[in-house]
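S.K.: Mind folding the following:
(chains A and B)
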Amino acid sequence: MDMAETAHATPLRPSLHPLLIAPAAALLIAACATDFLYSQTLLFQWDNFSIWLITAGLVLAALAGLALLLDVARRRIGTLAWGRFAGFTVAALLSLLNAFVHSRDAYAAVMPEGLQLSVLVTVILLVLGWRGWSLHAVRRAHPSRPAGARS
Amino acid sequence: MNRILLGGSSALAALLTLSACGEKVADPSTQYGANPVLPAPHEYLLPPMSVPRATGWAKGQTPVVPAGLQVQALATGFEHPRIVYALPNGDVLVVETNGPKAPVYRPKDFIEGKVKAIAGSAGHGGNRITLLRGANGDGQPALRTIFIDHLNSPFGVVLVGNSLYVAATNELLRFPYTPGETHITEKGVHVTDLPAGAINHHWTKSLTASPDGSKLYVGVGSNSNITENGIAVEADRAAIWEVDPATGLKRQFAKGLRNPTGVAFEPQTGKLWAIVNERDEIGPNLVPDYLTSVKEGAFYGWPYSYFGQHLDVRVQPQRPDLVAKAIAPDYALSSHVAPLGMVFSQGTSLPEAYRSGVFIGEHGSWDRNPLNGYKVVYVPFRDGRPSGPPQDVVTGFLTPDGKATKGRPVGVTLDRTGALLIADDVGNTVWRVTAAGAAAN
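M.R.: Have a look, this model is predicted:
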């Protein structure tokens, strides 16, 4: 962010929700790694890692939801990026589903659906996370410059 | 990656369908005997279940028996009684016990702990054996003493001569017994170790002795529902062990029996029989719990297959070499009845119709909706083999709407008079069933 942009931007104070979405995403993505190891090794302990990572990720996701409400209430968010909000919500719901899949007993009760869901969640989170973990709508055009201009 | 993603979305669709579709559950009577109807296995996001609340018995309430029988409380106020055993002099032992605290390895274990608390399975176990004498059926025995205290989750007991064997969850113990004794202070002598450890998922160790008393048989349950704790921790489990009481040497007599909660010798043929609790989470009518004669050296399927060679593909890697040897049990009791106690009925003073068979205490489970079990049944035998469907003997433990349990039957035995005794670990009562009109004791 350059000086000119800072000067013209709405003076929003830092919001809380990205601080919770980021670690939630990290845990859910880590579950994809442990799922992969489970699928390759058939060692049940990797499944236990996955279900705890997913559960902790979901707890943080729920807290992130509360933080988002708080941010909106305290006007720490200008415009909500509804598309990104929907993406994160879908990732959380798929992870909830995945928690139930991972709570089943024995290998073929969890695999391959568990890994497939983890990969899906990971792809969604990486695509969304490429532009950070905030749900602020990013303005495409800056008022002080013509659209598409780069400094 | 594309393939995985596509697979993921189709799996997702399949999952959602599964959780939404209502399944019609065939009547338990389709699963009695040697050839139970076995539907295709299903995976569930949330397996079908129903958790009745444990309420206990109101004053004066009793279970229900058919015409020709009567039931009374022998004694009440126990701490989770699970096994009843009659000594030759008429004294009755009541094993008050519950499992060690189950570890939480997954979030699911935590939730299951809460469910068990609602259903009354988490009740504090006394970890002791109480002796009742002169119990005349009015709920007030003339004498009630703590026979053996400070045991580690005991379950099976058997008297051989002047030795009383007690199967604690981690070891088989021998206590010297003198007829008439009301309290044993000596420490038990260690006979042999029994599989326990940190998980100890199925903790009960059922116990009986061969008719000549030369060998002991111990039923040891699996360390999981279906190997979710790894196959390594199942090494000595899901088996019936034969123990030489003199030396403590032991060997696996039969394997692949998921949770053999009762073992007993059929009096006419002198053959070993067992009741076994089968696996959960693949449907309301899978897998039927069963009663079977136990063939020496036989493999009964767990975990790789059930009822013979029906594969349980959840378990990977599979063991086709073992499955090829798996034999089917003799007699299905229907699914999720949770048989926890058995006694052959020869010598009973109950009416003629009950004199050649086996009484089975069906504790009931929450892994099925509608519920099944929660009663004591009688399986008639002819020539040492089951000869008809199970008949209800003691019911009324579960309320008609299935929402609450007043009690849950566990261990069963015959007392010296031939009356049927039942340990009830939710009602914390021992019930006594006699022929209608019979004298109290």
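S.K.: neighbours of residue A:65, just the number please.
M.R.: For residue A:65, the count of nearby residues is 18 (other Cβ atoms under 10 Å in any protein chain shown). Using the backbone N, CA and C atoms, a C-beta is placed for each residue, glycine as well.
S.K.: how would you label it: helix, strand or coil?
M.R.: Here residue A:65 is recorded as helix under DSSP: H, G, I helix; E, B strand; the rest coil.
S.K.: what's the closest non-adjacent residue to residue 47?
M.R.: Just so you know, I chose chain A. Nearest non-adjacent residue to residue A:47, counting by Cβ to Cβ, 6 or more residues apart in numbering or on different chains: residue A:38, 5.0 Å away.
S.K.: actually it's chain B I care about, not the one you picked
M.R.: In space, and not counting its chain neighbours, residue B:47 is closest to residue B:281: 4.7 Å by Cβ to Cβ, 6+ apart.
S.K.: mind checking which helix or strand the one you found is in?
M.R.: Per DSSP states H and E: residue B:281 is located in neither a helix nor a strand.
S.K.: quick one on the thing from earlier: name the helices or strands packed onto the helix or strand the residue nearest to residue A:47 falls within?
M.R.: Assigned by DSSP H and E, residue A:38 belongs to helix A:17-41. Using 3 or more Cβ pairs under 8 Å, 6 or more residues apart in numbering or on different chains; DSSP states H and E, the elements in contact with helix A:17-41 are helix A:44-73, helix A:82-102, helix A:113-129.
S.K.: Taking the centroid of the chain, which residue is nearest it?
M.R.: You didn't pick a chain, so chain A it is. residue A:25 (4.2 Å; Cα atoms, centre = their mean).
S.K.: I was after chain B.
M.R.: Central residue of chain B (Cα atoms, centre = their mean): residue B:340, at 1.7 Å.
S.K.: quick revisit: confidence score at the closest residue in space to the residue nearest to the centre of chain A that isn't next to it in sequence?
M.R.: Leaving aside its chain neighbours, residue A:25 sits nearest to residue A:125 (4.5 Å; criterion: Cβ to Cβ, 6+ apart). Listed pLDDT for residue A:125 reads 98.
S.K.: Tally up the residues packed near residue A:125, please.
M.R.: Residues within reach of residue A:125, counting by other Cβ under 10 Å, total 25.
S.K.: Likewise for residue B:89?
M.R.: Neighbours of residue B:89 (other Cβ under 10 Å): 10.
S.K.: From residue B:211, how far off is the closest residue to it other than its chain neighbours?
M.R.: Spatial nearest neighbour of residue B:89, excluding adjacent residues (Cβ to Cβ, 6+ apart): residue B:179 at 5.2 Å. For residue B:179, the distance to residue B:211 (Cβ to Cβ, to the nearest Å) stands at 20 Å.
S.K.: Could you do residue B:164 as well?
M.R.: 18 Å.
S.K.: what's the angle from the helix holding residue A:38 to helix A:113-129?
M.R.: Here the directions of helix A:17-41 and helix A:113-129 differ by 150 degrees (axes from the mean of the first three to the mean of the last three Cα atoms, to 10 degrees).
S.K.: In its sheet, which strands sit next to the stretch of helix or strand the residue nearest to the centre of chain B belongs to, and in what direction?
M.R.: Assigned by DSSP H and E, residue B:340 falls within strand B:339-344. Sheet partners assigned to strand B:339-344 using DSSP bridges are listed as strand B:357-362 (antiparallel).
S.K.: And residue B:73, what's its pLDDT?
M.R.: Model confidence at residue B:73, given as pLDDT, is 95.
S.K.: ok, it touching residue B:424?
M.R.: No: here residue B:73 does not reach residue B:424: they are 9.0 Å apart, not a contact under Cβ atoms under 8 Å.
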